[in-house]
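**Student:** requesting a structural model of the entry that follows:
(one chain, ligands or ions: 1)
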Amino acid sequence: MNRRRTALLSLAALLGAALTALPAQQAGADETEQVRNGTFDTTADPWWTSNVTAGLTDGRLCADVPGGTVNRWDSAVGQNDITLLKGTTYRFSFSASGVPEGHVVRAVVGLGAAPYDTWYEATPVLSPSGSYAYTFTAPVDSAQGQVAFQVGGSADPWRFCLDDVSLLGGVPPEVYEPDTGPRVRVNQVAYLPGGPKNATLVTDAAGRLPWRLRNAAGTTVAKGWSVPRGLDASSGQRVHSIDFGAFRKGGTGFTLVADGETSRPFDIGTAAYRRLRVDAAKYYYTQRSGIAIRDDLRPGYGRAAGHVGVAPNQGDASVPCRPGVCDYTLDVSGGWYDAGDHGKYVVNGGIAVWELMSTYERSLHARTGHPAALGDGTLALPESGNRTPDILDEARWELDFLLRMQVPAGQPLAGMAHHKVHDEQWTGLPLLPDDDPQKRELHPPTTTATLNLAAAAAQAARLYKPYDKAFAAKALKAARTAWTAAVAHPKVYADPADATGGGAYNDDDATDEFYWAAAELYLTTGEKQYADFVAGSPVHTADVFVPYGFDWSRTAAAGRLDLALVPSKLPGRDKVRRSVVRGADTYLAALAAQPYGMPYAPDGNRYDWGSSHQVLNNAVVIATAYDLTGASKYRDGALESMDYVLGRNALNISYVTGYGEVNSHRQHSRWYAHQLDPSLPDPPAGTLAGGPNSSIQDPFAQGKLQGCVGQFCYIDDIQSWSTNETAINWNAALARMASFVADQQ
Ligand code: 9MR
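**Tutor:** Coordinates of the predicted model:
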């Protein structure tokens, strides 16, 4: 997904002919070399070079790379017209050296023409000599493939040499064996002293096995027997479950021993959750666009402001539409970057900021809520000390951006919201926000974006009222305008194909967004028109608590949860509350049936993109049932759900950076890209990884995880954008659940 300007040859017609003439490659067919002259014995043909001084030296291709370029692709060597067959596995190998050592090469197999899609990439740090080999599966058929070695982006000049380049097709897929550590799987962070304590043991033993709980000194403090659970569908493993909930003393460094294996260590206590509540919410500051990140507030994460118009950025202060969409420009600066990319998307921004605000709003209404925990001065923000709760200050950064995305009065579709703003083309990794040279563009307004904005702005209007009356009024006005515009244009959907340079976030059913927006407008205004809309919506009585849970495209539950939790005079409110409790019962039943104890049992065991946040959002429904009823089974279910996210899973990994002995920390991100550039940081503590995704859309995961079962469809590598990204909506689910758990002392 980089853009490479290279191949000055345009051979479209010829290549079209080549594509139809491709030899059919059968499984088991011979391995075929796709690179021509990878050995540079007598000539550099047919390799091209771009912004380097290159020649043959001792049978290698050596390139003097100038200093002072910004992007990897600013200097490169490569070869075009490479044929790839969809579903075929390739071994991409080469020898390379870099002098002085420590420079990186971005080795890419991708489309050799616009939009320069990346099908595979690796970014090794070079030494004076080294050999590299990678296996991946081609996601498309093409005769326009390109192998390129991008060497730009260095302040200083250096010398790059290349030899023995090979792209061998028809090799067997790599068999990747994740290191899953001890077979006793626990929450590697903490169980609450008074909460449930469950673990999972992977074992073929048919009968029950003894277990022991040990404290940090190694003394056995509790013991019991496991319960055989048979074959677990979510992992394909044979497992037992272990319940040590009768032990209720606090401490650190506990381990659980069973079947000759010792679990990773864990605490029993609440301190980790008080930290996690804050870290998960602090995540948003370093996602901010349009403001310099202060290193004194986030040591190691300080960076220049992104997209404020300082070259090479083109800035977000005056962004035009995609050709033919509109003839005005908008100031859409600010907001949070969506994820690991530099795009900003209204539907995802809306649900994310809603869930962050809801973390706070819950604390105002739930019996165990502590609003002060995310109050002023808790999140180390530039705004800390302004007498507004920090969590609202953070949400405000996004809300101001959302309001800027609204089509101005007097223009066609006035009052609707542009679906998204992002780069014209995908950029490569790593790339700090202020280094992004791409043109930014507004994409067409949609009904779903308009209603997401309406819902979030309406909620903001009631939450900010005590702190900033003018902003509350402005937000409410924007919400009403958006609502009216959506009613006038109820079926304007995002184009699923509009996915170059940013995600599509397409959704062609806005009935749930209408319901959610009406619910928020009603809760804020109490007006009958919105109550009537809610009552008349088919969504109001539908079962909205589905296995995948709620997210940016399924927003009905957001409305239902708020109607249940936020006080109002809505006729039939008791029924609404009961529907949430019934939803929680469904998720509790899923949890009880899962030997790994998560409230997630997708149809056909198909884990979805961002599954870790879906687990958490299902837990939010269970937690809300506790807030509504006070029944301990809901509290326990919500707590037990966290165990899965924090390590009690088939991969024995905590999906939260910095939490748990083994945790995700290489999430796909252009600026937390330590894996690719040692001078950049890993994601901050408290960053949730997307988690297992059965569809493994990215080539890196496809090369490693072909045929993966449920929970195994995950890899902690920066290249795996479909299983291991970070995203603002996902972290909001973590913030909300961490906050709930921290409140259960
Ligand atoms: O989270 C989104 C997921 O639900 C979709 O299936 C997927 C494909 O459209 O896109 C995900 O969102 C990504 C977005 O499109 C671009 N920024 C990164 C987001 C997280 O991966």
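**Student:** for G169, see how far away the closest residue to R36 other than its chain neighbours is.
**Tutor:** Nearest residue to R36, sequence neighbours excluded (Cβ to Cβ, 6 or more residues apart in numbering): P46, at 5.9 Å. No exception for glycine: its C-beta is placed from N, CA and C like everyone else's. Distance of P46 to G169, computed by Cβ to Cβ, to the nearest Å: 18 Å.
**Student:** ok, now Q594?
**Tutor:** Counting by Cβ to Cβ - Q594 and G169 are separated by 40 Å.
**Student:** more neighbours: which of P46 and G169?
**Tutor:** G169 (20 against 12; other Cβ atoms under 10 Å).
**Student:** who in the protein is up against the ligand?
**Tutor:** Proximity of the chain to the ligand (Cβ under 6 Å from any ligand atom) is limited to residues 338-339, 341, 343, 503-505, 609-610, 725, 727.
**Student:** and those residues as a markdown table, adding neighbour count?
**Tutor:** Below are these laid out as a markdown table (neighbours: other Cβ atoms under 10 Å):
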| residue | neighbour count |
| --- | --- |
| D338 | 25 |
| A339 | 25 |
| D341 | 25 |
| G343 | 21 |
| G503 | 18 |
| A504 | 16 |
| Y505 | 24 |
| W609 | 22 |
| G610 | 28 |
| E725 | 24 |
| A727 | 30 |
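**Student:** quick one: which of those residues is nearest the ligand?
**Tutor:** Nearest to the ligand among the residues of the chain next to the ligand, counting by Cβ to the nearest ligand atom, is G503 at 1.7 Å.
**Student:** quick check: phi and psi at the closest one.
**Tutor:** Dihedral pair for G503: phi -80, psi 160, per degrees, to the nearest 10.
**Student:** tell me who's in contact with it.
**Tutor:** Taking Cβ atoms under 8 Å, 6 or more residues apart in numbering, we find G503 in contact with 338, 341, 343, 345, 420.
**Student:** just the ones in helices from the residues you listed, please.
**Tutor:** Nothing among the contacts of G503 maps onto helices, per DSSP state H.
**Student:** and for T83, the neighbour number?
**Tutor:** Neighbours of T83 under the rule other Cβ under 10 Å: 22.
**Student:** meant to ask about P547
**Tutor:** Neighbours of P547 (other Cβ under 10 Å): 16.
**Student:** check the one 3 residues further on too.
**Tutor:** With neighbours defined by other Cβ under 10 Å, the count for F550 comes to 27.
**Student:** go on, P128?
**Tutor:** 10.
**Student:** which SS state does it fall under?
**Tutor:** coil (DSSP: H, G, I helix; E, B strand; the rest coil).
**Student:** now do the strands in the stretch 551-700 of the chain.
**Tutor:** For the stretch 551-700 of the chain, applying DSSP state E, counting those that start in this stretch gives no strands.
**Student:** same deal with the stretch 251-400 of the chain?
**Tutor:** 251-258, 261-262, 266-268, 319-320, 329-330, 344-345.
**Student:** just put those strands in a markdown table and tack on mean neighbour count and mean pLDDT.
**Tutor:** As requested, these are arranged in a markdown table below (neighbours: other Cβ atoms under 10 Å; pLDDT from 0 to 100):
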| stretch | mean neighbour count | mean pLDDT |
| --- | --- | --- |
| strand 251-258 | 19 | 98 |
| strand 261-262 | 16 | 98 |
| strand 266-268 | 24 | 98 |
| strand 319-320 | 19 | 98 |
| strand 329-330 | 16 | 98 |
| strand 344-345 | 30 | 98 |
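**Student:** enumerate every residue touching the one residue in the stretch 101-250 of the chain that gets nearest to the ligand.
**Tutor:** Using Cβ to the nearest ligand atom, the closest approach of the stretch 101-250 of the chain to the ligand is made by P139 at 14.1 Å. Going by Cβ under 8 Å, 6+ apart, P139 touches 86, 119, 697, 699, 702.
**Student:** do you know the pLDDT at G610?
**Tutor:** The per-residue pLDDT reported for G610 equals 98.
**Student:** show me the helices in the stretch 451-600 of the chain, by range?
**Tutor:** Assigned by DSSP state H, counting those that start in this stretch, the stretch 451-600 of the chain shows helices spanning 469-488, 511-525, 528-536, 556-565, 573-593.
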